[in-house]
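**Q** Based on what follows, work out the 3D shape:
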Amino acid sequence: MIKDNLEKVRQTIPNGTRLIAVSKTKPVEDLQEAYDAGQRLFGENKALEMRDKHDALPHDIEWHFIGHLQKNKIKYIIPFVSLIHSIDSVELLEAVDKEAAKHDRSVDCLLQFHIAQEETKFGMDMAEAENAIVEMRDKGLTHVRIVGVMGMASNTDNRKQVRTEFAMLKGYFDTLKERYFADEAAFCELSMGMSGDYDIAIEEGSTLVRVGSAIFGARNYANVND
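**A** Numbering: from 1, shown residues only. Sure, this is the predicted structure:
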C-alpha cells in the first residue's frame, strides 16, 4: 500500500519540487517500505523519534525536522539532520548554531512564518524574520545557514484562503531573497503544502512538500516518543 500510495503522489509532483515523506508516528517498517520504493527524504517532528529512526534505517536517508524544536532536544538531531524547517526565533537559531559547532558542521535551516489563522501554529512575522537574519550576521553565526522559508496554511476546506496564505509565504520568500540573499544560490527553498493542499502549494511555488497521510495513512499518535 505504501509503495502504491507513494507512486501516486510522485506522479503529481513536478520537476523542481521535492517530496518529503512525513513519517512521524509511523513504525520503522513503514519507513523501510517507502525507502525500498525509492524514497530518500523523510520528515519527522519529534527529536527522539527522529534519532531512533535514523539509527535503525539506512544512512543515506535525508532527514528533515519539520516540527516545533525544543532547545533541549536539538543535540539529538544535530549530528545528522539535513534541514530544520521550523526556526521560529533568533534564540532557537543561536541554539542550533551552538550545537552544530560542537560537531563542526553547518546546518541548513528554514525560517518558519506564521501564515495561518490559527493562533496555535508557530512562526514569525516579517519583522521577526528580518531581525533573526540581521542578528545571525551580526553575531557571526557560522554553523547555521538559512536556505529558505516554511509555513503551514490554515486547517480549512476553504481552498481560496489556503492559496492566499501560500501566496503570502511566497511573497515573504521573495522579499527576503531580494533584501538579504540576492547573491546566495542556497536560499532557494519554499517549504509549504501537506497531504490536503500540496497541489495548491506547488502552483504557488513550493519547492518542498510535506506529505504524510497520503503516503502512510492516518497517524498513530500512540507511537510518539519525545
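**Q** so what's residue 39 up against?
**A** 6, 19, 21 (CB atoms under 8 Å, 6 or more residues apart in numbering). The C-beta positions use only the backbone N, C-alpha and C, and glycine is treated the same way.
**Q** what's the spacing between the last one and residue 43?
**A** The one in question is residue 21. 7 Å (CB to CB, to the nearest Å).
**Q** Compare neighbour counts for these two and give me the winner.
**A** residue 21 (27 against 24; other CB atoms under 10 Å).
**Q** Next, the residue most central in space within the chain: phi, psi?
**A** Centroid-nearest residue in the chain: residue 85, 3.3 Å away (criterion: CA atoms, centre = their mean). Backbone torsions of residue 85, given as degrees, to the nearest 10, read phi -80, psi -10.
**Q** So which of the contacts of residue 39 belong to strands?
**A** Of those, the ones assigned to strands by DSSP state E are 19, 21.
**Q** Counting by contacts, list what the top helix by length along the chain packs against.
**A** Assignment by DSSP state H gives helix 159-180 as the longest helix of the chain. With contacts taken as 3 or more CB pairs under 8 Å, 6 or more residues apart in numbering; DSSP states H and E, helix 159-180 sits against strand 107-113, helix 126-138, strand 144-151, strand 189-191, helix 198-203.
**Q** hey, what's in contact with both of residue 21 and residue 43?
**A** Joint contacts of residue 21 and residue 43 (CB under 8 Å, 6+ apart) are residue 212.
**Q** Check the burial of residue 183 by counting its neighbours.
**A** Neighbours of residue 183 using other CB under 10 Å come to 6.
**Q** Make sure it is indeed in a helix.
**A** No. Counting by DSSP: H, G, I helix; E, B strand; the rest coil, residue 183 falls outside a helix, being coil.
**Q** So it versus residue 177, what's the distance?
**A** From residue 183 across to residue 177, the span is 10 Å (CB to CB).
**Q** now swap in residue 149 and tell me
**A** 9 Å.
**Q** so the residue nearest to residue 18 when sequence neighbours are not counted bridges to which residues?
**A** Leaving aside its chain neighbours, residue 18 sits nearest to residue 208 (5.4 Å; criterion: CB to CB, 6 or more residues apart in numbering). On the basis of DSSP bridges, residue 208 is bridged to residue 18, residue 191.
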